[in-house]
Every structure is written in structure tokens, then in C-alpha cells.
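1. This is a predicted model, with the sequence first.
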Amino acid sequence: MSGRIGIALASWAATLLASASLLPLVDRSVWLVQAAILLGLTAGAGAAARRVPLARPLTAAAQLITGVLLLTLLFAREEAFLWFLPTPDAVRELGTLIGNGVGDVGRFTSPAPLTDGIALLLVGGVLLVGLLVDTFAVTYRVAAPAGLPLLALYSVAAGLSDGGAGALWFALAGAGYLVLLLAESRDRLAQWGRVFGGPSRGGFAPRESVGTPTAPTRSGRRIGAVALGLALVVPLVLPSLGAGLLGGTGPGPGGGSGGGGTISAVNPLVSLQNSLNQPENREVLKYRTNAADTDDLYLRIVSLDEFDGTSWKPASRNVSEVPERLPPPPGLAAEVPFTEVSTNISAAGWYAQDWLPMPYPATRVEVPGDWRFEPVNRTLVGDGAQNTRGVQYSVDSLLVRPGAAQLSVADSAAAAPTLPDEFSSVPNSLPAVVERTARQVTRGADNDYERAVRLQDWFAQEGGFVYDTQVRAGSGSEAIARFLRDKEGFCIHFSFAMASMARTLGMPSRVAVGFTPGTAKSSGEMSVGLRDAHAWPELFFEGIGWTRFEPTPNRGSVPEYTRPDVPDSEVDDPEQPEESVSEAPSTRPSDNPDCPRAERALGECGSEEPDAGAAAGSGGPPWGTLLGTAGALLLLAAVVLGPLVWRRRVRG
């Protein structure tokens, strides 16, 4: 094995050992395997370029280009040409992922979910550090300065980890750097022969070794000073992992204190997929209600009404003080049956995000703290640093029960002029296949209600769609078209697609994000866990208001008014609907220990209950994975150092 190959392997190992300090920041470690493979391929490209040989700057450029192609293949292959050649769409996809990753870093507590954006930041950052280490140590044959990018990598982990990176990670990073220095020193010895240091037997020593620092010593001091400065300064400017949909704290979008302010357009969907894939269904909320049936008691967090063809997000709107009694819900006519219910909700001590989960439409909210009311979507948002961590509150809301007959005579399109434009606008970038498919599915429907039910049933039953939470969420204008083609996804895909198709048919729509009703406990409480996180579409019908639909297979509950075997709302003549029913709530919460319909469909009716006592940082690093990774890296170090040790023994 030549000297450069040995140094290249040592550079690869040193980068991975330093990267191990990032493992506690995320909940999965698959990114390290991806980084190791890409790092090895990039090092191989450098070895090939040096063998040509290319000039040193061209060698580094070739490795950089190789890294970009590999990242494109891993994270944006569907938008790339031949899966790895970047196109404008691929570049936009990578830019979107980077932006999402930066937002995720500021949104989650550690260990954060391994979203696509965070994975790109981790793998891309390790690849960049590995390129710098390889350039210093192998291309330019100076291994000592390679410690600076390794230190920067460790400093990122120290700045983002709670309490800083541990001693184990520092030892691994330091061991990797020492392996690199040892490999370089052995290579220098192989070139110049054996070098004996220290004074001679006669007591003589070189002049520069007496009282005067040698050049390597001076370089070492400079590098040490720069390294110490980086170690002190870098953690101070790094962002901490903060608030999000399902964890963390941070400034709320309420825009300061006082009665006004603006709610910002923050997209809360980034953690939905991770929540659905959690191995432990940690309890997020628990509540008691006097509703006789909780199947329709969805807990909404926020509504996404602004659609630009690429993503759905909440529009920026003014917020105000929370009124004692919330205004009547828009579009709800007096003759539509409803039941007013009361619900007492408690948020877990670790659950912190800015929007307040509550049933829709709420009529009264009693909650401690600084909260603001957004009247268009009837949501409550925390002001400043206010969030849901450990909050206990009560909500009065309406269970609206329209009939199929009432919905069939309600005109959805007629309501569009009375609503803000963002609820009905269709961007020009939306692929034509979306509208074409919507018209094919709803061909022959007599009214908007029938069209909406046909869309729901096509997604949930008849269209051959498969519910899969492992499918990549995706982004870009082709994401919906890709979902309609592949027919695999989870609630985000189904709700986005149905809401987009409804708009192409002239029906105002939006996407709601929150939780399904949860699971009943024997105590009479309802428990809402991470895996109850959900997104669903809502369509507006004049006289009914915003109406929930459920296109996602085996999730939540299908509304009664969309089932074909349900009589027409007990109303014989649509022109003579029965009077509104305002039932008085019972004096005690319902005690229904039976498993809800949605949980039976998912096979999640076990006797174990989610752990409500978990603290914010109770999810420690995956020690089995970490120890296995550390063992593999130590074995790699032994393979690299084995020949050197054996050669030293033979020479001795």
C-alpha cells in the first residue's frame, strides 16, 4: 500500500470519527453510512485525479464536482438528468432541502428527526470537511492543518448538543486526527529513511533545538491558537435546536406583545412524517370531553391555505386579543344540526409548539399565558415565547353534523367570491395532470358535494393508493403529479392532492394539520400520541362552512355525511331542513374504553399506553447503534494501523 493511499484512508477514517460526534443530534444514524460511502467515492476520485496526474487545484475541483454529483444522486435524483447530473429543477430541489434543513435545525430539540433537509446538511457538511481534510493531507501533503476542519466539525456538534459533545466523541475525533498524523509521519519516514531524534551520545544537539522553537513547533502553536479560538467562538454563533410542530421551544409567530401583531407563514409539516414513524407513540396531549362520540373530534393545530404550486403554508395575517366568546364560524347556517361540547386538554411537559391544538370550530377558549387569535382560520397562536409546553386549557366547540342532502344543495363555488383569494387560487405552475385527473374522477357528478365525495373515495378506496409513511414527502411543482403516478404516500400527499384537485374544480379548499382524536383510556381520558399526527383537506360549502374530508386510507374516521349507506341526514325535503339542535352537554365526560375505528384499522389497539411522564430530553442517543459504529470505526483504525505496527515490530 503506497503512502498516499494510507494517508487517504487515514483522512477518511479521521473525518468519520469526528463526524460521530454529530450522532446524538438526530434520532437515526443512517446518514453516517451514507456519508461514509460518499466520502469514500470522493476520495477515490481524488486518487484517480492524482494518478493522471492533475494539478493540485484541479484535483480538489474534481473531488468537489464528484461530491456535488453524488449529493444530487442521493437527494435530488428524480429531478436530475440520468439521476445524477444536476438540472435547474435538481438545483432548486437541493436549495429547498437546504432551506428546510436550516429551518428544521432551529425548530427541533435534539435528538431531532432525520428529515431530508437535516440529512442533506449532515451528509453535505461531512463531505465538505472530508474534501478539505483530503486536500490538506493527501493532495498537498500537510496533515497538520487538516485538524482545523475536523475541529470545526466537532465544534458544530458541541454547539448544538445539549451540554456540549461528550468525552467519547472528543476521544474519537482526537484519535482520528492522531491516526492521520501518524500515517503522514510514517509516509515521511518511508521517503527519507530512518530519522533519529534527540541529542547524540556525545551530548550534542542541533543549534535550532536549543531554546529556539523549530518551524514545526511554531506551526503547531499557530494551529493550536486558531483551533482554540474556533472552539471558543463557533459554539457561540451556532443556532440551538428549538421549537417545532412536535417539540422544542422558541419565539412564537405572534410578533411581539400587545393586542396586534402578525402571524408568520411558517410551515409546520416538517415533523409530521417523523412523528408517524416514531418507534414509541409518546403522548402529546390528553383530554376529557363530554362528547358522546369522539370520532369527529379532530384537534386542529393550524390551517394551510396559501398554495403556490410547490407547497402549502398558512398565510401571513393579523392577530388580535383572544375574545371571551369567539365569533360565529363562517358559512354555518342556523338550520344545520350541531352539538356544543366542552373539552379539557392537557399538553405534555415536553410538547412545545406555537399553535394551540383544539377542536374546530371553537366557540370559547380559556387558556393561561400570552395567546393571540387569528380570526380567518380561527386558530390561537402563542405571542413571543409562549408555547404549549405543559399548558392546561378548556375549549367549547361545535360538532357540526350536516346531512348529505344539505351538502348536495350547498354551492361550494358560489362561496369563492366571499372568501379570501388564497382559498381558491390555482397557481399556473400546477401540472395539468392534476386538473385532468380531477375531472376524470368526478365525471358525471351532479354537484360539488358529489365531486368531493368521489375524490375522497378515489383516494381512500378505489384508486389503488397505498398508505406508506416511509415515502419521501418531496417538494416542487411535480410532487403532486409524482404522487398521482406512483400512488404511494401518507396523509400529507393525500390531503395536498385532494385539496389541489378540488381547487381546479372551483371549490375553495385548504389543508388542516393537527391530530386525530386519539385512543380512549379506561379512566375516561383520551390519549393523543405522536402517531396521531395527521393532515386532512377541508372544503367550503355555503351554508355549512368548512367541511372535513378523509382521503387517507386507514387513518382517522370517514365523516358520516360522506358514506353512501347513510340516510340523507334525516331530512326528507332539502328545502325544509330541520331546525338546529343545540344539545346540552352532559355533566360528566364520556367513558368509552373501546378502541376507535381508526386504531382498529391500524392494529394499534394494544393495552400499553403511551408514556406521559417522559421529559423533554429523555430520548437519549441510540447506544446500540453508537457502540456498533464506534466498534466499526475502531476496527477500521486497527486495519489502517495494523501494517504500520507490524512493520515497526519487524524492523525492531
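-> Right, received. Where do you want to start?
2. what ranges do the strands span in the stretch 251-400 of the chain?
-> For the stretch 251-400 of the chain, applying DSSP state E, counting those that start in this stretch gives strands covering 262-263, 283-289, 299-304, 306-307, 312-313, 317-318, 320-321, 338-347, 362-366, 371-374, 379-382, 392-400.
3. averaging pLDDT over each of those, which comes out lowest?
-> For these, mean pLDDT drops lowest on strand 262-263, to a mean of 41.
4. Sketch out the strands for the stretch 401-550 of the chain, chain order is fine.
-> Under the criterion DSSP E, counting those that start in this stretch, strands of the stretch 401-550 of the chain are mapped to 466-467, 488-489, 509-515, 519-520, 526-529, 533-541, 545-548.
5. Nearest to Pro86, out of those strands?
-> Set against Pro86 and scored by CB to CB, the strands of the stretch 401-550 of the chain come closest in strand 488-489, at 25.6 Å. Every residue, glycine included, has its C-beta placed from N, CA and C.
6. Show me the domain layout of the protein.
-> Following automatic domain parsing, the chain resolves into domains at 3-193+216-243+622-646, 262-602.
7. Nearest approach to Gly652 belongs to which of these?
-> When those are compared by CB to CB, domain 3-193+216-243+622-646 sits nearest Gly652, at 10.5 Å.
8. Could you pull up the mean pLDDT of that closest one?
-> Summarised as a single mean, pLDDT over domain 3-193+216-243+622-646 is 76.
9. want to throw the domains of the chain into JSON lines with mean neighbour count and distance to Gly652?
-> JSON lines is the format used below for the domains of the chain (neighbours: other CB atoms under 10 Å; distance: least, CB to CB, whole Å):
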{"stretch": "domain 3-193+216-243+622-646", "mean neighbour count": "18", "distance to Gly652": "10"}
{"stretch": "domain 262-602", "mean neighbour count": "19", "distance to Gly652": "52"}
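10. Among the strands of the stretch 401-550 of the chain, which comes closest to Pro357?
-> Checking the strands of the stretch 401-550 of the chain against Pro357 by CB to CB gives strand 509-515 as the closest, at 5.8 Å.
11. Of the strands of the stretch 251-400 of the chain, which is nearest Ala35?
-> Ranking these by proximity to Ala35 (CB to CB) places strand 312-313 first, at 30.8 Å.
12. Each with direction, which strands does the closest one pair with?
-> Using DSSP bridges, strand 312-313 pairs in its sheet with strand 306-307 (antiparallel).
13. residues making contact with the partner strand?
-> Ala265, Trp312, Lys313, Pro314, Ala315, Glu422, Ser425, Val426, Pro427, Ala499, Ser500, Arg503 (CB atoms under 8 Å, 6 or more residues apart in numbering).
14. circling back to that earlier point, just send the strands of the stretch 251-400 of the chain back as a markdown table, with distance to Arg4 too.
-> Below are those laid out as a markdown table (distance: least, CB to CB, whole Å):
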| stretch | distance to Arg4 |
| --- | --- |
| strand 262-263 | 57 |
| strand 283-289 | 54 |
| strand 299-304 | 54 |
| strand 306-307 | 54 |
| strand 312-313 | 50 |
| strand 317-318 | 61 |
| strand 320-321 | 67 |
| strand 338-347 | 58 |
| strand 362-366 | 68 |
| strand 371-374 | 62 |
| strand 379-382 | 57 |
| strand 392-400 | 65 |
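15. Leaving out chain neighbours, which residue sits closest to Asp116?
-> Nearest residue to Asp116, sequence neighbours excluded (CB to CB, 6 or more residues apart in numbering): Leu97, at 5.4 Å.
16. correct me, but that neighbour touches Phe75?
-> Yes. Leu97 lies in contact with Phe75 (CB atoms under 8 Å); the separation is 6.0 Å.
17. For these two, list the residues in contact with both.
-> Joint contacts of Leu97 and Phe75 (CB under 8 Å, 6+ apart) are Asp116, Leu120.
18. where does the stretch 351-500 of the chain have low pLDDT?
-> The stretch 351-500 of the chain contains residues with pLDDT under 70 at 411-418, 472-477.
19. for the helix or strand encompassing Asp89, packing partners?
-> Under the criterion of DSSP states H and E, Asp89 resides in helix 88-105. Under the contact definition 3 or more CB pairs under 8 Å, 6 or more residues apart in numbering; DSSP states H and E, helix 88-105 sits against helix 56-75, helix 116-134.
20. angle of that helix against helix 116-134?
-> Taking axes from the mean of the first three to the mean of the last three CA atoms, to 10 degrees, one finds that helix 88-105 is oriented at 100 degrees with respect to helix 116-134.
21. then helix 88-105 to CSV, C-alphas only?
-> Coordinates of each C-alpha in helix 88-105 appear next as CSV, following Å, rounded to 0.1, in the frame of the first residue of the first chain:
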residue,chain,number,x,y,z
PRO,A,88,-32.2,23.6,-12.8
ASP,A,89,-35.0,21.6,-11.1
ALA,A,90,-32.4,19.5,-9.2
VAL,A,91,-30.6,22.6,-8.1
ARG,A,92,-33.9,24.1,-6.8
GLU,A,93,-34.7,20.8,-5.0
LEU,A,94,-31.3,20.9,-3.3
GLY,A,95,-31.8,24.5,-2.4
THR,A,96,-35.2,23.8,-1.0
LEU,A,97,-33.9,20.9,1.1
ILE,A,98,-31.1,23.1,2.5
GLY,A,99,-33.6,25.8,3.4
ASN,A,100,-35.8,23.2,5.0
GLY,A,101,-32.9,21.7,6.9
VAL,A,102,-31.8,25.1,8.3
GLY,A,103,-35.4,25.7,9.4
ASP,A,104,-35.5,22.2,11.0
VAL,A,105,-32.4,22.9,13.0
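22. Was I right to think His314 contacts Asp354?
-> For the record, residue 314 is Pro, not His. No. With contacts counted by CB under 8 Å, Pro314 stays clear of Asp354, the gap being 10.9 Å.
23. Ala452 is in contact with Glu550, isn't it?
-> No. Between Ala452 and Glu550 there is no contact under CB under 8 Å: 11.2 Å.
24. what sits in contact with each of the two?
-> Thr562.
25. What does the pLDDT read for the residue lying closest to Gly390 once chain neighbours are set aside?
-> Nearest-residue entry for Gly390: Gly349, 4.5 Å, with adjacent residues in sequence omitted and distances by CB to CB, 6+ apart. At Gly349, the predicted lDDT confidence score is 88.
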